[in-house]
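*Asks:* My questions are about this predicted structure, shown below with the sequence.
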Number of protein chains: 2
Amino acid sequence: MSDFQRCNIKAMGRDTSSAVALQHLMGPAALKSLEASDRDRLESARWLVRTIGKGRSIIDQGETRESIFILLSGWAFRSQTLSDGKRQILDFVFAGTLLGFGSCATNSYGVETVTECRVASLSIQQFKRLLSQSPALAIEVAERLCDSEMRAHEHMTSLGRRNARERIAGLVVELAARTPIHAKHSLHCSLELPVTQVMIGDALGLSNEHVCRVIGKLAEAGVIGFAGQTLEVLDQHALLREAGYSEEEAHSAKLIAIAA
Amino acid sequence: MSDFQRCNIKAMGRDTSSAVALQHLMGPAALKSLEASDRDRLESARWLVRTIGKGRSIIDQGETRESIFILLSGWAFRSQTLSDGKRQILDFVFAGTLLGFGSCATNSYGVETVTECRVASLSIQQFKRLLSQSPALAIEVAERLCDSEMRAHEHMTSLGRRNARERIAGLVVELAARTPIHAKHSLHCSLELPVTQVMIGDALGLSNEHVCRVIGKLAEAGVIGFAGQTLEVLDQHALLREAGYSEEEAHSAKLIAIAA
DNA sequence: TCGTTAAATTTCAATATGTTAATGGCGATA
DNA sequence: TATCGCCATTAACATATTGAAATTTAACGA
């Protein structure tokens, strides 16, 4: 609760992770296209940087929207909770993600940390002023939102039209594509997933028991292994096939391509 | 195929629907904040206006992205189709919706018309130039994307965590909130829905048979009636309750408030 | 007007998934 | 060290939803 730091990015000295995340938010291309004055304005905004422990809330669903947040490091997820307590995880988010931006007066979703996270926040007012001063930044934000929307669409299609096995395989593929991978052989790689099976269930619209059952079956089939926090991709072609990719796509070996 | 019209908005004379849709895209507030020069640029862009019959495709999933589209009139939906033919409708879209904007090289979704539609299109290149020249427009686009993302999130939660009855009631509430309503009594109103039960099923992740069954049950219970294209909301409090709203929310009579 | 096709409807059996409950492991905490 | 709670796991059982098949109804083009 007391780990707040009010500062601007320029004044952060050695601790450049915030500046890095802002660059991440804007993307290298967008950065170049920015006027020096715009970049100055952006970096001298009064960001509030905070460290938040695992399993805590960054944004509460339903609260009035006051600040936007940029995730600087760590894992978190966005979720909606229904009045009867059922929870839907909308997506997992990593460093560079813009959170809490929207036109509705209250937050339509909550954000909770999975691991310890560092977060930079700025009042919506100030953020909008930044956007109106720098079209390049506004466009970058719009494109980020498109990416996020695209992932939401894929996720929706999984929820609506794929069975449990396909959904789980698909989630593994997505996370493998978005997180660091330890490659071993051409087919075999492993990744550190700090998520519980309850979270997987809440993300995929499944009960945790069923998640457990199906992960077990995928393990029996020699596709993946999931012990502790480490997920082993034992046969990535099979995994891609399980996730619904066509035979050719499955053989273009996406996962390793990213790891390499 | 031959119903193309190349024109700019200014030159359209009496036929102001395009200009109206652009204003819709930007919103009245954003319009005011625009410099006259920006507005000029926007309106004199070389929009391509087209009329498309019902049941036709505006954007094909997987094709390379070339233009953005603004729906000027009519109903359409965005969807993703899996390799095995299963289809997920992502959302229904109406006049003013921006379609086809994104950072990925190919269209991640397709767009099909439900009724006859008028559509204005512009090359992505030109649209991005517009955005970079007018921050107000870029911000407006970003906020539109947020709205769209918010609806996608609600939809995801329905798909993942609600049963068929709640999903159908929820969809009716959403469509009632987004389309013109004919009010009759304080509880009774009706709306014209040009959608088939197959579409409803594809939107909600259900088989058309099940949609039919559940709509029948909601009709038996005196909540709604669905004959032809007309959907009657017989008891809006009950409908809101079925859709998962709390007792108090259900009694604040959202639907009629919008109709009034 | 007819003939053709899509949409809505109803039945039934098959099944994927949820629910409830009980267990053991494991780390946090007093 | 003992306790507590979270997480993973497994089982038996309940049920919502799918899928196939057959029928009716409505829409549409020739």
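*Replies:* Happy to help now that I have it. Numbers count the residues shown, from 1 in each chain, chains lettered A, B, ... in the order given.
*Asks:* which residues in chain A form helices?
*Replies:* A:17-33, A:36-43, A:124-133, A:135-161, A:164-178, A:197-204, A:208-220, A:236-242, A:247-251, A:254-259 (DSSP state H).
*Asks:* Using a markdown table, lay out those helices together with mean pLDDT.
*Replies:* Converted to a markdown table, these look like this (pLDDT from 0 to 100):
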| stretch | mean pLDDT |
| --- | --- |
| helix A:17-33 | 60 |
| helix A:36-43 | 71 |
| helix A:124-133 | 91 |
| helix A:135-161 | 94 |
| helix A:164-178 | 95 |
| helix A:197-204 | 98 |
| helix A:208-220 | 97 |
| helix A:236-242 | 94 |
| helix A:247-251 | 76 |
| helix A:254-259 | 55 |
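*Asks:* quick one: which of those helices is nearest B:Val195?
*Replies:* Relative to B:Val195, the nearest member of the helices of chain A by C-beta to C-beta is helix A:135-161, separated by 15.8 Å. In short, each C-beta sits where N, CA and C put it, glycine included.
*Asks:* What residues of that closest one count as buried?
*Replies:* By neighbour count on 16 or more other C-beta atoms under 10 Å in any protein chain shown, the buried set for helix A:135-161 is A:135-146, A:148-161.
*Asks:* quick check, that helix touching chain B?
*Replies:* Yes: using C-beta under 8 Å from any C-beta of the partner chain, a contact is recorded between helix A:135-161 and chain B, made by A:135-136, A:138-139, A:141-143, A:145-150, A:152-157, A:159-161.
*Asks:* Can that helix be said to contact DNA strand C?
*Replies:* No: no part of helix A:135-161 sits close enough to DNA strand C to count as contact by C-beta under 7 Å from any atom of the strand; the gap is at least 10.4 Å.
*Asks:* Just want the angle from that helix to helix B:197-204.
*Replies:* Helix A:135-161 and helix B:197-204 meet at an angle of 120 degrees, taking axes from the mean of the first three to the mean of the last three C-alpha atoms, to 10 degrees as the criterion.
*Asks:* Quick one: name the residues of chain A near DNA strand D.
*Replies:* Near DNA strand D, the residues belonging to chain A are A:196-198, A:208-209, A:212-213, A:215-216, A:226-227 when assessed by C-beta under 7 Å from any atom of the strand.
*Asks:* can you do 6 Å?
*Replies:* Among all residues of chain A, those adjacent to DNA strand D (criterion: C-beta under 6 Å from any atom of the strand) are A:196-198, A:208-209, A:212-213, A:215-216.
*Asks:* which of those has the most neighbours?
*Replies:* By neighbour count, taken as other C-beta atoms under 10 Å in any protein chain shown, the most surrounded of the residues of chain A next to DNA strand D turns out to be A:Ile215 (21 neighbours).
*Asks:* any idea how far the most centrally placed residue in chain A lies from A:Ile70?
*Replies:* The centre of chain A sits closest to A:Val93, judged by C-alpha atoms, centre = their mean, with a distance of 1.6 Å. The gap separating A:Val93 from A:Ile70 is 10 Å, by C-beta to C-beta, to the nearest Å.
*Asks:* residue at max distance from the center of chain A?
*Replies:* In terms of distance from the mean C-alpha position of chain A, A:Ser37 ranks first, at 30.4 Å (C-alpha atoms, centre = their mean).
*Asks:* who touches both of A:Val93 and A:Ile70?
*Replies:* For the pair A:Val93 and A:Ile70, residues contacting each of them under the criterion C-beta atoms under 8 Å, 6 or more residues apart in numbering or on different chains are A:Leu99.
*Asks:* Return the distance of stretch A:113-120 from the chain's centre.
*Replies:* The chain centre lies 11 Å from the centre of stretch A:113-120; the measure is C-alpha atoms, centre = their mean, to the nearest Å.
*Asks:* list the buried ones in it?
*Replies:* Neighbour counts using 16+ other C-beta under 10 Å place A:113-114, A:117-120 of stretch A:113-120 among the buried residues.
*Asks:* Present the residues you listed as TSV; the columns should include distance to B:His251.
*Replies:* As requested, these are arranged in TSV below (distance: C-beta to C-beta, whole Å):
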residue	distance to B:His251
A:Thr113	37
A:Val114	38
A:Cys117	40
A:Arg118	44
A:Val119	38
A:Ala120	42
